[in-house]
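> Pasting the sequence and the predicted coordinates here, then a few questions.
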Amino acid sequence: MDIRFTINIGIYASQNAWYKSINWIPFLTADLKSFMLNITMMLPFGFLWPLVSGRTNSWKDAGKATLILSGTIELVQFIIAQTLGSARSSDINDLIANTFGGIAGYAVLSLILKANAFRPLLQDGKASSR
C-alpha cells in the first residue's frame with residue numbers, strides 16, 4: 001500500500017500548476033469502472049433526497065441537488081489536493097456520473113411511487129394507523 005503525504009506550502013511546495021490537477025475534458029478520459037461506481041454511489045442520494053426534502057415531483061430537482069452535492073465533493077477534493085497533497089483529483093467525469101446516478105435514483109423512486117403496492121406505506125402514516 002502506497003501512502004504519501006506531500007507538503008504544498010513554502011519552499012517545499014509542489015511546482016505543479018493547480019489547473020493541471022483537474023480533468024476538464026468529459027468522456028475522453030473516462031474509466032468505465034470508475035464511471036459506473038460513481039453512478040452507483042449516488043443512486044441512494046437520488047432515491048432518498050426527494051423523500052427527505054419533500055420534493056418528489058421533478059427529476060430536475062433531484063438532478064440539481066445531486067449536481068450541487070457532487071460539485072461540493074469535487075471542490076473539497078481539489079482543496080485537499082492543493083493544500084495537503086492528497087492523491088485525489090477533481091474530474092468532470094465524476095461530476096457527470098454522480099449527477100446521472102442521482103437522476104437514476106430518482107427514476108427508481110418514481111417507479112416505486114407509481115406502484116400501487118407501495119402507496120399505502122408512503123401516505124403520511126395513514127397505513128400505520130389501520
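Structure received. A quick note: this is a predicted structure, and the numbers were derived from the prediction, not measured. Numbers count the residues shown, from 1 in each chain.
> I'd guessed F35 sits against A97; true?
Yes. Contact criterion C-beta atoms under 8 Å: F35 and A97 qualify, at 4.7 Å. No exception for glycine: its C-beta is placed from N, CA and C like everyone else's.
> Could you check which of these two is surrounded by more residues?
A97 (22 against 19; other C-beta atoms under 10 Å).
> and the more buried one, that one's in a helix?
Yes. According to DSSP: H, G, I helix; E, B strand; the rest coil, A97 belongs to a helix.
> list the contacts for it?
A30, S34, F35, M36, N38, I39, M42 (C-beta atoms under 8 Å, 6 or more residues apart in numbering).
> 7 Å - rerun?
Residues near A97 by C-beta atoms under 7 Å, 6 or more residues apart in numbering: F35, N38, I39.
> go on, N93?
N23, P26, F27, T29, A30, F35.
> The chain: helices as residue ranges?
Using DSSP state H, the helices of the chain run over residues 32-53, 59-84, 92-114.
> Now render those as JSON lines, adding mean pLDDT.
Putting these into JSON lines (pLDDT from 0 to 100) gives the following:
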{"stretch": "helix 32-53", "mean pLDDT": "91"}
{"stretch": "helix 59-84", "mean pLDDT": "88"}
{"stretch": "helix 92-114", "mean pLDDT": "92"}
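> Show only the entries of the contacts of N93 found in strands.
N23 (DSSP state E).
> For the buried ones among the contacts of N93, write the corresponding PyMOL selection.
The PyMOL selection below is limited to those of the contacts of N93 classed as buried (16 or more other C-beta atoms under 10 Å):
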select buried, resi 23+30+35
